[in-house]
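Novice: What follows is a predicted protein model with its sequence.
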Amino acid sequence: MDIDVPDVLLQELENRYNGQDFPLPPDDEERNFGHGRPCDAHGRFLDDNALPPSHEPQSPNDWTPFHNRTEFETADLFYTQNPTSARKIDVHLALWASTLLKHGDAPPFADHRDLYVMIDAIPLGEVKWESFSCSYTGEKPEGTYLPWMDSAFDVWYRDPHQVYSTLGEEHRYGDFMSADWAWDQADTISKDPDTMGATFVPVILGSDKMTVSVGTGNNEYYPLYLSIGNIHNNVQRAHQNAVAVIGFLAMPKTTKEHASDPHFQKFHRQLFHSSLSKILERLRPGMTKPEVAKFGDGHFQRVIYGLGPYIADYEEQVLLACIYTEELIDMGTYLELWDEFGVVADLVLFTNDFPRADICQLIAPDILHQLVKGTFKDHLVDWVHKYLIQTHGARDAQRILDDIDHRIAIVAHFAGLRHFPQGCGFKQWTGDDSKALMKVYIAAIEGHVPVEIVCTFRAFLKFCYIVRKNAITEHTLEKLQDAVSRFHHYCKIFLETDTISTFSLPRQHSVSHYLQLIRLFGAPNGFCSSITESKHIKAVKGPWRQLSKYQVLGQMLVMNQRLDKLAAARVNFTSCGMLNGTCLSAALEALYENLDVSVPEDDIDSVDHGPTILQVHTRLARTTRKYIPSFLCCACTVLALTEELSIPRLTEMVHRFLFQKTRPDDPRDVSEIPIAGCPRYEGKISVFNSACSRFYAPSDLSGIGGMRIEHIRACPMWQNEAPCYDCVFVNIGSEDVGIRGLEVARIRTFFLFNYGGITYLCAVVRWFNIIGDSPNEDTGMWMVRPACGTNNAPIYNIIHVDSIYHAAHLIPIYGRRFLHRGINLHNSYDSFCTFYVNKYADHHAFELVS
């Protein structure tokens, strides 16, 4: 049976990104497969300089099928941004209507049904859901046999061919198409005269079983996802709809007694492979004979498909590969192969039905399950617990573990850093929890475990942060191999202390293969299972929570259809410049043509989808300080700020700061200038509680252009709890000083003032001194201490905010002592004398201060 459920497709992805998400072809002409040659709609090649076909531009007032922007934004709000149940949509619309009655007006929609009808009428994103049924066709035992042998299992899917059409000197391994596997495929394709000049389109699949509810019947789903290798990794990481749901696979069930029955297990495995083969069969003709597709730059091109890597966790990888090679098939019977090698030989893999496809070469690396949740959390962290119990006994080990939890809990806040108020002693771990623990764990265990264990974590974290880079060079691969060697060397301590009995662990063993996989598939951060797992929330978990639980799969398909339509409409309207500003700002501009309407930006997300700008830019908050403790007055002059901060020489610092800015060419040291020779200013100032730094950080969660925004706080009272004064890296302009030209400081406040017609944006900072001329050998992190002058007085200074590179995160050097219970995250910066500069706070910091 078929149902007409259009999709979430990556509707017109090429148009969304103006054709920039397809990597440029390499210089080698024989491997000119990145874009291929332009052609017309019939596949006839054009000149390389030929212009794309012209098309009639869309009217900026064409909101079809909506009547105006308000209707679209309302539908998108209720269905996508803040998913709302039908009953609550009706309540909201009724309240809205009640305010408009006296004006003789009505809200955009009468009720939820009216809203759904409008979404269903969106003409974009039409890829129908289809289904087929599978059943057991093998030999059945005489007499009674299990019900599953007579059952039919439905598989729902969308044509991947149509889904694809809506997506769209030193060797650097970055985007998928830059790596060896894609080049080798192109070399093979180029040998065929019929496929020369075609663009190679690798089809990347991913699947993962998921449970949406245990308490209400253990509801499980098996979504299948699709993407293409031509999409740049930055789009994949930014979660910009570069992955589409193309199916829900069947999950046959039987009784617990018969779950291990060989016939059932074989059927279960073969059902998976046969389903994949059926879903992908419409792509098969295009794997040997080029087809014509329209790209984001407006050109038509001939394309040739191929099966690319498969994103899956370890259990899924075993199901995919069946530990299967044709060479082994000739070495014995099926039973002998299973007993001797663990090989499942009596299956037909889905890759057997497609050209140039070998599943053993298509298993993608998986940072989330192999490294973060597997090797780090499930292995290393667990081994530390076992080591402490083995060495100190259960009681003393629990006391040490409590102190480690306390150390983790008092780590100061930092943008993007998850806080653990009770340490790491909780049972239900997520991938985000494990990633957050990686950032603070090494400093927390130092002093309680041998140096070899600390070095084990240092080597493994170095490995993890390198493979997470957006681009990896051959020189980087040498560092990666060194990290692997060091990890294997130091982790022997767990064997030597009888903490564990073996290192024969598949997820940990995968570390040894990452160099080869990077060369094959490029930077692993573009094809991690975290990308498909994030899609779980949008495609499965979110819809399931909103829907009635009766025949929920059908409702889920319809909801995914509507989400896809709205996503496609938003892409279309955005590309036409119709969604700039807000509904209110657009309405005001329409009423008052000359009115300059500004859109508030104080609640800026950490992801910036703007263009790539390599230069760091720091600006103050848009509003001055509003909320301060009742015992403080809001300083509005330099003298008042001097009293508030208890910095007696602050006025002198302002004068010397002005000398530097007004006489930048003066060679004298500003500290030696008599204060009488400096410009004087004691007038009004404006004080701010925060600033934001915008910088290029493509390896972290960032926008399509690799841009990220971090907030830097200097609040006398933060979240009604305690003061919060963040630390920063300050660019001092010389690579030979500090940490690669950066000094570390703690912000006391931000302020601005006007002198001589120029507005100066300033920060009052307390400096830190760097300890030594290299990072700590055990942890790999630089060490700092607060800078002090005469009588241990703190050393302060005033800097321009332009010199702030971005936020820095410090972790106390705890040593061997147990922490006092009065220390918490709010006073940890004031409770210790030495700190590590936490290079594990994010990937940008790791690259900056390693």
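Specialist: Happy to help now that I have it.
Novice: now residue 555: how far from residue 561?
Specialist: To residue 561, residue 555 is 11 Å away according to CB to CB, to the nearest Å. For every residue, glycine as well, the C-beta is placed using N, CA and C.
Novice: Same drill for the two, tell me which one is more crowded.
Specialist: Comparing residue 555 with residue 561 by neighbour count (other CB atoms under 10 Å), the higher total belongs to residue 561, at 25 against 16.
Novice: May I ask you to confirm that the more buried one belongs to a helix?
Specialist: Yes. Counting by DSSP: H, G, I helix; E, B strand; the rest coil, residue 561 is part of a helix.
Novice: Give me the distance between it and residue 749.
Specialist: Applying CB to CB, the value for residue 561 to residue 749 is 52 Å.
Novice: One more: residue 464?
Specialist: According to CB to CB, residue 464 and residue 749 sit 37 Å apart.
Novice: and residue 512, what is it in contact with?
Specialist: By CB atoms under 8 Å, 6 or more residues apart in numbering, the residues touching residue 512 are residue 484.
Novice: separation between it and residue 369?
Specialist: Distance of residue 512 to residue 369, computed by CB to CB: 16 Å.
Novice: my guess is residue 349 contacts residue 272, does it?
Specialist: No. Counting by CB atoms under 8 Å, residue 349 stays clear of residue 272, with 9.9 Å between them.
Novice: ok, and the closest non-adjacent residue to residue 386?
Specialist: Of all residues not flanking residue 386 in the chain, residue 499 sits nearest, at 4.9 Å (CB to CB, 6 or more residues apart in numbering).
Novice: could you check the distance from the residue sitting furthest away from the middle of the chain over to residue 264?
Specialist: Within the chain, the residue lying farthest from the chain centre (CA atoms, centre = their mean) is residue 143, at 54.7 Å. Distance of residue 143 to residue 264, computed by CB to CB: 17 Å.
Novice: Please apply the same query to residue 273.
Specialist: Distance, residue 273 to residue 264, by CB to CB: 15 Å.
Novice: ok, now residue 639?
Specialist: Note on residue 639: its distance to residue 264, by CB to CB, is 82 Å.
Novice: Those two: who's more crowded?
Specialist: residue 264 (19 against 14).
Novice: Let me see the contact set for that one.
Specialist: Neighbouring residues of residue 264 by CB under 8 Å, 6+ apart: 146, 148, 252, 254, 258.
Novice: Remind me what whatever helix or strand residue 618 lives in packs against, helices and strands.
Specialist: With elements taken from DSSP states H and E, the one containing residue 618 is strand 617-620. Contact partners of strand 617-620 among helices and strands, from 3 or more CB pairs under 8 Å, 6 or more residues apart in numbering; DSSP states H and E: strand 690-696.
Novice: The helix or strand following the strand it packs on pairs with which strands, parallel or anti?
Specialist: Remark: after strand 690-696, the chain's next helix or strand is strand 707-718, criterion DSSP H and E. Using DSSP bridges, the strands paired with strand 707-718 are strand 607-608 (antiparallel), strand 690-696 (antiparallel), strand 722-725 (antiparallel).
Novice: Now do the strands in the stretch 351-500 of the chain.
Specialist: In the stretch 351-500 of the chain, the strands defined using DSSP state E, counting those that start in this stretch lie at 472-473.
Novice: if we can go back for a sec, out of the strands paired with strand 707-718, which is the most enclosed?
Specialist: Mean neighbour count (mean count of other CB atoms under 10 Å) peaks for strand 690-696 among the strands paired with strand 707-718, with a mean of 20.
Novice: and that one, how far from the chain's centre?
Specialist: Taking CA atoms, centre = their mean, to the nearest Å, one finds the center of strand 690-696 at 19 Å from the center of the full chain.
Novice: Can you pull the phi and psi angles for residue 754?
Specialist: Main-chain dihedrals, residue 754, degrees, to the nearest 10: phi -110, psi 130.
Novice: tell me the pLDDT at it?
Specialist: If you check residue 754, the pLDDT there is 93.
Novice: can you tell me which residues contact it?
Specialist: Going by CB under 8 Å, 6+ apart, residue 754 touches residue 760.
Novice: do the same with residue 149
Specialist: Applying CB under 8 Å, 6+ apart, we find residue 149 in contact with 136, 140, 263.
Novice: quick one: which of the residues you listed has the most company?
Specialist: residue 136 (21 neighbours).
Novice: Quick check, it in contact with residue 267.
Specialist: Yes. Contact criterion CB under 8 Å: residue 136 and residue 267 qualify, at 5.3 Å.
Novice: in the helix or strand just after the strand holding residue 618, what's buried?
Specialist: Downstream of strand 617-620, the next assigned helix or strand under DSSP H and E is helix 638-645. By 16 or more other CB atoms under 10 Å, the buried positions in helix 638-645 come out as 638, 641-642, 644.
Novice: again, but for stretch 62-75
Specialist: 63, 66, 69-75.
Novice: What is the end-to-end distance of that stretch?
Specialist: 16 Å (CA to CA, to the nearest Å).
Novice: just stretch 685-694 next, same as before
Specialist: This stretch, stretch 685-694, spans 24 Å end to end (CA to CA).
Novice: which residue ranges form the helices in the stretch 751-850 of the chain?
Specialist: Under the criterion DSSP state H, counting those that start in this stretch, the stretch 751-850 of the chain contains helices at 828-831, 843-849.
Novice: So which elements touch the last one?
Specialist: In terms of contacts (3+ CB pairs under 8 Å, 6+ apart), helix 843-849 is packed against strand 804-808.
Novice: Counting by contacts, list what the strand it packs on packs against.
Specialist: strand 690-696, strand 707-718, strand 727-731, helix 843-849.
Novice: rerun that using 10 Å as the cut-off
Specialist: Judged by 3 or more CB pairs under 10 Å, 6 or more residues apart in numbering; DSSP states H and E, strand 804-808 is in contact with strand 617-620, strand 690-696, strand 707-718, strand 727-731, strand 742-755, strand 758-771, helix 843-849.
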